[in-house]
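1. Return atomic coordinates for the entry below.
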Amino acid sequence: MRLTHLADYAVVIMTAAARGQASARLSATGLAEETGVPLPTAQKLMQRLAAHGLLVGQRGAGGGYELARPVSEISLADIIEAVEGPIALTQCSDGENHECVLDAHCRVRPHMGIVGAKVRGALNAVSLKELAQ
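-> A predicted model of the protein is given here:
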């Protein structure tokens, strides 16, 4: 399993945000400069992270973003799922109806949800606070 560039960049941005002062306003421009993430990508990710409740945006003069929750309450799983969607190791374990030539004979499919839950649990055990140290 490998993170996409977007998920990786989201982790980098959130980690940089966590290193800032509590309740400090964050800008996509500032985080892009600090992290090296291209500005359009940083803007896109910050909007997506805000839509998933990890950042709170304020418009207008003095606006920007701030973390929506304390860093100890944001997990690596939260960040990845905000960008990638639910963690699922195979297409058949994501809850969607995918056609697979092995469906009629597959004995592994019923167990892939268990594997995905364990992976999510491991990612959920890593807090943004730990990543920012």
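
2. Every contact and neighbour count from this point should use C-alpha atoms.
-> Will do.

3. ranges for the helices of the protein?
-> Secondary structure of the chain, counting by DSSP state H: helices at 5-19, 28-35, 39-51, 76-84, 109-124, 128-132.

4. Take these and lay them out in CSV including mean pLDDT, distance to Gly63 and mean neighbour count.
-> Below are these laid out as CSV (pLDDT from 0 to 100; distance: least, Cα to Cα, whole Å; neighbours: other Cα atoms under 10 Å):
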stretch, mean pLDDT, distance to Gly63, mean neighbour count
helix 5-19, 95, 15, 20
helix 28-35, 93, 11, 16
helix 39-51, 96, 13, 18
helix 76-84, 95, 22, 21
helix 109-124, 84, 30, 15
helix 128-132, 94, 23, 18
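
5. I'd like to know which of those lies nearest to Leu67.
-> With Cα to Cα, the closest approach to Leu67 among the helices of the chain belongs to helix 5-19: 7.4 Å.

6. what's that closest one packed up against?
-> Helices and strands touching helix 5-19, by 3 or more Cα pairs under 8 Å, 6 or more residues apart in numbering; DSSP states H and E, are helix 28-35, helix 39-51, strand 64-67, helix 76-84, helix 128-132.
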